[in-house]
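J.: pasting a predicted model and its sequence here:
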Amino acid sequence: MWTYEKKLQYPVNIKNPNPALAKLIITQFGGPDGELGASLRYLSQRYTMPDKNIIGALTDIGTEELAHLEMIGAIVYQLTRNLTPEQIKEGGFDAYFVDHTTGIYPVSAAGVPFTASYLQSKGDAITDLSEDMGAEQKARTTYDNILRFCDDADVRDPIRFLRQREIVHFQRFGECMRILQDQLDYKNFYAYNPEFDRR
Amino acid sequence: MNKTNEQHAKHELQAACFALHELVLYLDTHPDCRKAMQMYHTAKKRYKDLYAQYEANYGPLTSNGVTGEHWTWGAKAWPWQGGNDHVDV
């Protein structure tokens, strides 16, 4: 089970609103490579993962992703505070505003609502860990792309922190893959699925 | 089936945790209720005591609760691995 801690993992203190930037960053809340999908992916894959230490990594990273979801929510919230209707329109935030006002809703940068089809829980350890490594790189690319459109230091700082976490998670999942493969038949990792087939 | 000491300790801890949680939800919407506040403090103390006892006897409940020289976070079965039929790779 979980408990909530009333603090962000890394501080978010943004002085200037910027609805155009919020519209891009919200993709890490509810977009295809966002933090919500990441958390659900790892926390779902845990159940049938055949190694207790890899389950630990999925649990701890899946939990950290929820803390990242909260940071993205905080960034989007602070970027859309105290806006005038003119600023909303100029920032291209009017379409989002009509549906959600300034409420935080999980959508991609293009406005597509979150869907579970962004993630997979395949019931095969090699398959799932491969997806997890790919997911971390896709999230890292997304943060790189966000940074291309962002010159506000108040926003760049937490985004760069989140980007670095993707790299650390990629490294850990790579190690999980090695730990798993060390326990499989080295001549054929695919001889059986350790989450389903019993030797 | 007789419960093991660990199962019994876990059950007590779950009950204490749930009692505390119910008081938390109640206080969220009744922040001025003094009786609930007293019950909260009692329940919190009971939970914290049982929690510390459980971790000392049976191992970490959070990844921050590991003690000693070895990383034991993944050592024991995870909560959904009930029964005895779980096999690692």
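T.: That came in fine, so what should we check first? Numbers count the residues shown, from 1 in each chain, chains lettered A, B, ... in the order given.

J.: show the contacting residues for the residue positioned nearest the centre of chain B.
T.: Centroid-nearest residue in chain B, with Cα atoms, centre = their mean: residue B:13, separated by 4.3 Å. The contact partners of residue B:13, taken as Cβ atoms under 8 Å, 6 or more residues apart in numbering or on different chains, are B:47, B:50-51, B:54. Backbone N, C-alpha and C define where each C-beta goes, glycine included.

J.: helices along chain A, start to end?
T.: A:19-25, A:27-30, A:35-45, A:52-79, A:85-90, A:94-100, A:125-148, A:153-181 (DSSP state H).

J.: would TSV of the ones you listed with mean pLDDT and mean neighbour count be doable?
T.: Conversion of the helices of chain A to TSV gives the following (pLDDT from 0 to 100; neighbours: other Cβ atoms under 10 Å in any protein chain shown):
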stretch	mean pLDDT	mean neighbour count
helix A:19-25	98	22
helix A:27-30	98	24
helix A:35-45	98	23
helix A:52-79	98	21
helix A:85-90	97	13
helix A:94-100	97	14
helix A:125-148	98	19
helix A:153-181	98	17
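
J.: of all those, which one is nearest residue B:35?
T.: Among those, helix A:52-79 comes nearest to residue B:35, with 33.1 Å by Cβ to Cβ.

J.: ok, back up a step: so how far is chain A from the residue nearest to the centre of chain B?
T.: 11 Å (Cβ to the nearest Cβ, to the nearest Å).

J.: also residue B:62?
T.: In terms of Cβ to the nearest Cβ, residue B:62 sits 9 Å off from chain A.

J.: which strand or helix spans the residue nearest to the centre of chain B?
T.: Per DSSP states H and E, residue B:13 falls inside helix B:5-29.

J.: give the buried residues for that helix.
T.: Buried residues in helix B:5-29, counted by 16 or more other Cβ atoms under 10 Å in any protein chain shown: B:9-10, B:13, B:16-17, B:19-20, B:23.

J.: next helix or strand past that helix?
T.: Using DSSP H and E, the helix or strand that follows helix B:5-29 in sequence is helix B:34-58.

J.: which residues sit against that following helix?
T.: By Cβ under 8 Å, 6+ apart, helix B:34-58 touches B:5-6, B:9-10, B:12-13, B:16-17, B:19-20, B:23-24, B:26-27, B:30, B:61, B:65, B:67, B:76.
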